[in-house]
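1. take a look and give me a structure for this.
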Amino acid sequence: MTDNQYRDKKIVYMGTPDFAVPALEMLCGAGYHVCAVVTQPDKPKGRGKAFMPTPVKEHAIYQGIPVLQPAKVREEEFVRTLEALSPDVIIVAAFGQIIPESILNLPPFGCINIHGSLLPKYRGAAPVQHALIDGETITGVTIMQMDKGLDTGDILSKKEVPILPDDTGGSLFDKLAYAGGELLLQTLPAIFEGTVTPEKQPETSPTPYASRIEKSMGDLDFSMEAMSLSRLVRGLSPWPGAYTHIGDKTLKIWKSVPCEAQAEESLPGTVLSADPKGILVQCGTGSLLLTEVQLEGKKRMDTASFLRGFPLSAGAVLEQR
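-> Sure thing, here's the model as predicted:
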């Protein structure tokens, strides 16, 4: 643990998924006093439906930090619990509940949010995936002073992160999570010293609201252009994943490559060729080469391995349902 002149400042950290873990880890490593962690209640997972702690809870337990798991943070009993902690600042990262004004106005330094986009772009619950799906080449993280709006508070600092051609939703999440932690450590001293210069956001965002990702978004519509479908495959990996249907089976698509090849007489979704290089599928514009797939009930595999057990020929049709 490094020496930290602000270790007397009391921090409550609110977060839930993997995205929120690096910032918490860095706060503890830098010597900040995280007096409590607030995270979502444990949920049943897996076949046995055993209740599993959130990633943030697991790390808080490892660090010996008290954990609070209110069903609803706006309940008076929980707000009173926070008041008793007397935090100087509350840091929020992908917590999963709307923070009421009773909490926003509680700490002297307010509530600070780590958001996975370069605000005002991609306000909303799923900024990382939507930036990829939309074909952005640069995204980043923003440290924001929270207000009662949805990601509309003053910008305190930003850091750009390039989106590489092979990035997926998962790889970009990891990059932004660590960038968010680093930016938080750079910004906190200025917040405590009062030297940070807040930047007002415009009322409207230049991009559509980054709504929550639904599983149905992964059901590929091959009448779309190949490039858009390829970005969708990347953006929805690893969850919920892009998929299509062949006969009565669901075929999950892990990797794909957009191609210019197209057969004018073939309808979208038609298999143009299937060989060890991949399964080439007609799109509305261009074609999509599927290079890594997973048949329902089977393991993830390259298409060469898939075709040995499930041969396809030109003319087969992949369908949206």
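
2. what about the helices in the protein?
-> Per DSSP state H, the chain carries helices over the ranges 21-29, 55-63, 76-85, 101-104, 127-133, 169-193, 226-235, 303-309.

3. so which of those is the most packed in?
-> helix 127-133 (a mean of 25; mean count of other Cβ atoms under 10 Å). Quick note: C-beta positions are derived from backbone N, CA and C, even for glycine.

4. tell me the mean pLDDT over that helix?
-> For helix 127-133, the mean per-residue pLDDT is 98.

5. from the contact counts, what lies against that helix?
-> strand 138-145, helix 169-193, helix 226-235 (3 or more Cβ pairs under 8 Å, 6 or more residues apart in numbering; DSSP states H and E).

6. ok, how many other residues are close to the residue nearest to residue 51 when sequence neighbours are not counted?
-> Ranked by Cβ to Cβ, 6 or more residues apart in numbering and with sequence neighbours excluded, the top spatial neighbour of residue 51 is residue 42, at 4.3 Å. Neighbour count of residue 42, defined by other Cβ atoms under 10 Å: 13.

7. what's the spacing between the spatially most distant residue from the centre of the chain and residue 289?
-> Farthest-out residue of the chain from its mean C-alpha position, per Cα atoms, centre = their mean: residue 265, at 39.4 Å. Per Cβ to Cβ, to the nearest Å, residue 265 is found 19 Å from residue 289.

8. now swap in residue 266 and tell me
-> 15 Å.

9. do the same with residue 21
-> Counting by Cβ to Cβ, the gap from residue 21 to residue 289 is 35 Å.

10. now do residue 260
-> Relative to residue 289, and taking Cβ to Cβ, residue 260 is found at 11 Å.

11. which of those two has more neighbours?
-> residue 289 (20 against 8).

12. neighbours around the residue lying closest to residue 78 once chain neighbours are set aside, how many?
-> In space, and not counting its chain neighbours, residue 78 is closest to residue 70: 4.2 Å by Cβ to Cβ, 6+ apart. Neighbour count of residue 70, defined by other Cβ under 10 Å: 17.

13. let me see the domain layout of this protein.
-> 10-193, 215-309 (automatic domain parsing).

14. quick one: distance of the worst-scoring helix or strand of the chain on mean pLDDT to the chain centre.
-> Here the helix or strand of the chain ranked lowest by mean pLDDT, DSSP states H and E is strand 43-45, holding a mean of 85. Here the centre of strand 43-45 is set off from its chain's centre by 19 Å, with Cα atoms, centre = their mean, to the nearest Å.

15. TSV for the helices of the chain, including distance to residue 120?
-> As requested, those are exported to TSV (distance: least, Cβ to Cβ, whole Å):
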stretch	distance to residue 120
helix 21-29	21
helix 55-63	27
helix 76-85	29
helix 101-104	19
helix 127-133	11
helix 169-193	17
helix 226-235	20
helix 303-309	41
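
16. mind checking pLDDT for the residue nearest to residue 78?
-> 97.

17. quick one, what contacts it?
-> 38, 41, 78 (Cβ atoms under 8 Å, 6 or more residues apart in numbering).

18. tell me who's in contact with the last one.
-> With Cβ under 8 Å, 6+ apart as the criterion, the residues that contact residue 78 are 68, 70, 72.
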